[in-house]
Each structure stands twice: as C-alpha cells, then as structure tokens.
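Undergrad: Next comes the sequence, and after it the predicted model I'd like to discuss.
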Amino acid sequence: MADPSDLHLRMYLTIGVVFAIAFAIIYMVMVYLGFGIGPIIAIALVFFLLQWYAGPMILQWTSHMRYIGADEYPKLHTLVEELAKGAGVKVPRIAIVPRQDPNAFVFGRTVGTSTLAVHEGLLGMVNDDELRAVLAHEIGHLKHSDVVAMTLISFLPLLVYMIAQNLMWGGRGSNKNNGGALVLIGIGAFVAYFFLQFVTLMLSKMRETYADDYSAHYTGRPEDLATSLLKITGNNYTSGSQSAAAPTAARAFCIVDPISSNKDIKQIAEHMDEIKALLPGIDINRFIADAQKSGKGGARIFGAVSTHPSTYQRILYLAKLKKNMTWNSVGKKPK
C-alpha cells in the first residue's frame, strides 16, 4: 500500500501556499482601502475561519443531501461501519443525495465530524462488491485526512476570483489615483486565481490516486473499483445535462469528476486493450456504445483543469496494483 507521507507533505505545502496567496490579495486590497495591519489580519482570519466553517454547509446546501437514520439503508450503514473500523477512523455521518447521476463523496471540518454522501443513482447501479470498493475509496480519504485539506482550500480560489472580478470592474469606477492601482491588484488576483486553481487541482488528483490505492488494497479486488469507475463515468456521459448541473463546489470531493466524463470515455476507447487486461469480462465496445447513445460527444473541460486523474489512467493504475497483488500471492513477478 502506498505511503501517504508524500500526500501529507503536499497537503501541508498546498494549504500554506493557498492561504499565503489569499492573505496577500486581501492585504493589498485592505491597504489601499486604508486599513492598518491589525484590522487586516483580523479580517483575513475571519475569512479563513468562515471558509473552514461554511464550506461543509455550502456543500450540504448545494447538493440537497438528506442525512439518514440507522433504520434506513441498513446495507449502507453496515458497509460504512465495517470500513471505518478497518481504517481506524470514526464512522462518518451518512447522507443521501437525491440525484440519479451516480457518485459519492466525503467532506467535513475534521475527520471525526465528516459526512459520507452517496447519490441515489449509485446505489441502483453498482453491485455489492463495487459499492464496497467505492465506499472504501471514500473512507480512504478520511484515513489520509485529505478531506480536511480540501475543505480548507477548495473555496479559497473562488474567493480570490470574486475579489479580482470586483476590483477589475469596481476599480475602473474609482478615482484616477486609486482606480489604476486597484485594477492592477485585480489583474494580479486573476493570475493568483488561476495559480490557486492549478495547485488545488493537482492536490485533488493526487488524493484520488491515494484513495484508489487504499480501496484496492483494503478490498483486495482492484477490479471492483475499476468497474465502478467505468459505470459512473459512462452514466455521467449519457446524463450530460444532469452532470453539467452538478454543484461545482462538490466536484473535487466526488469519486469521479462528472464534467470530464466525455473526455474520459474517448480515452477509454483508445486504451481498450490495456483495460481488458484488468477487466476481461467487460465488453468495452458495448460499454462505450451504450455510454455514447444519448451523449452529444466532446469534452466539456480539458484534462488540465479536471479535479481527478482520467478514468483510464485510474483503471490502468488499478491494473498495475492487481498484477503486484498477484505477484505477492504466488511469489512470481507478473509478465
């Protein structure tokens, strides 16, 4: 199983960079508005605390999730409790998202107060083994504590973008002396926004790889997670209008980025032979044909701004893990 120490180091660095840049933008704006260093630090702290506190509330509100009691979805409760115990983390609260596009995600201010949210569409699409693999992936996020890092930083790029937008348009209406300076700060804020998006997305992709690794090793069946990823990606392709409407804030938390599903399907088609090595029972051609029946084709977003590694890359990674597991069990290096 992969050592998460590298993931933790990158999380700490990313949090530091994101907060430093966000503070710098706030500092420059406040200086031009005539605030002293004391009020600036206080305002920045309020912003960051609000980010940490309000982030989970925004996710709850935008996804329309409903927390379920112990008497609802007993199979789901049993699986989550087993997986949490195996990972050595507190059992998260479980919520159901009333959406038919399949997905799942975890979020929270701390690992001990996290929520595991499951889309209704996922429960009706995957079998028991696949559901266990998906839930193990989500519990892996809790074990690695990366859910806290994403809660802290996922909304800060949006805050910087809003500041940049207001400065660019609002600064032009200010007096000549201050207006030009505010516009320059606004341009810098736009540059900072794109950089923050980039580093946040890089961390998001890395955390997904580690969660895939954890699920594969915990269940001992990487193929179950692979078939789940195929099904979820394929469904998100065919339900294009629903996927496009998925809450943007939740994209980085979901097991599959719904916006990049069209591109993922094309890449799966280009790597059929490699994927068949892990999933020999899957009729890839039929899967792709079914996924494209009601889709319009064309990726909605480039891979560089996707919140997740592409599905085919994740499946090939799982195939590599499967070979290594086979080698370890029989004592022979796979060909």
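TA: Ah, there it is.
Undergrad: Which stretches in the stretch 201-335 of the chain count as helices?
TA: Assigned by DSSP state H, counting those that start in this stretch, the stretch 201-335 of the chain shows helices spanning 222-238, 240-244, 261-270, 272-278, 284-292, 311-330.
Undergrad: next one: the stretch 51-200 of the chain
TA: With helices called from DSSP H, counting those that start in this stretch, the stretch 51-200 of the chain shows them at 74-87, 120-123, 128-144, 146-153, 156-170, 176-219.
Undergrad: how far is the second one from where the chain is centred?
TA: Relative to its parent chain, helix 120-123 has a centroid offset of 18 Å by CA atoms, centre = their mean, to the nearest Å.
Undergrad: how about the nearest residue to Lys231, chain neighbours excluded?
TA: On the basis of CB to CB, 6 or more residues apart in numbering, the spatially nearest residue to Lys231 that is not a chain neighbour turns out to be Met125, at 5.6 Å. Any C-beta I mention is one placed from the backbone N, CA and C, and that applies to glycine too.
Undergrad: Flag whichever of the helices of the stretch 201-335 of the chain has the least confidence on average.
TA: When the helices of the stretch 201-335 of the chain are compared by mean pLDDT, helix 240-244 comes last with a mean of 42.
Undergrad: thinking again about what came up before, Met1: which of the helices of the stretch 51-200 of the chain is closest?
TA: Smallest distance to Met1 across these (CB to CB): 4.4 Å, for helix 176-219.
Undergrad: tell me the contacts of His271?
TA: Shown in contact with His271 (CB atoms under 8 Å, 6 or more residues apart in numbering): 312, 316.
Undergrad: Model confidence for Leu152, exactly?
TA: So, for Leu152, pLDDT stands at 79.
Undergrad: now that we're looking at it, how far away is Asp283 from it?
TA: 43 Å (CB to CB, to the nearest Å).
Undergrad: Please identify which of those two sits among more neighbours.
TA: Taking other CB atoms under 10 Å, Leu152 and Asp283 do not tie; Leu152 has more neighbours (19 against 11).
Undergrad: Surely that one is in contact with Trp52?
TA: Yes: applying CB atoms under 8 Å as the test, Leu152 and Trp52 come out as touching, 5.9 Å apart.
Undergrad: confidence score at Val126?
TA: The model's pLDDT for Val126 equals 93.
Undergrad: Then Met30?
TA: For Met30, the pLDDT comes out at 82.
Undergrad: what about it, helix or strand, and which?
TA: helix 5-32 (DSSP states H and E).
Undergrad: and that helix, how far from the chain's centre?
TA: That offset, for helix 5-32, works out to 19 Å (CA atoms, centre = their mean).
Undergrad: For that helix, buried residues please.
TA: Residues of helix 5-32 classed as buried under the neighbour-count rule (16 or more other CB atoms under 10 Å) are 7, 10-11, 14-15, 17-19, 21-23, 25-30.
Undergrad: what's the angle from that helix to helix 146-153?
TA: 10 degrees (axes from the mean of the first three to the mean of the last three CA atoms, to 10 degrees).
Undergrad: what about the closest residue to Pro157 other than its chain neighbours, how many neighbours?
TA: Spatially, and ignoring its direct neighbours in sequence, Pro157 is nearest to Leu196 (4.1 Å; CB to CB, 6+ apart). When neighbours are defined as other CB under 10 Å, Leu196 has 24 of them.
Undergrad: Settle this for me: Leu196 is touching Val18, isn't it.
TA: Yes: in terms of CB under 8 Å, Leu196 counts as a neighbour of Val18; the distance is 5.6 Å.
Undergrad: Enumerate every residue touching the residue nearest to Pro157.
TA: 18, 21-22, 156-157, 160.
Undergrad: could you redo the last one with a cut-off of 7 Å?
TA: 18, 21, 156-157, 160 (CB atoms under 7 Å, 6 or more residues apart in numbering).
Undergrad: Show the average pLDDT along stretch 84-94.
TA: pLDDT averaged over stretch 84-94 gives 96.
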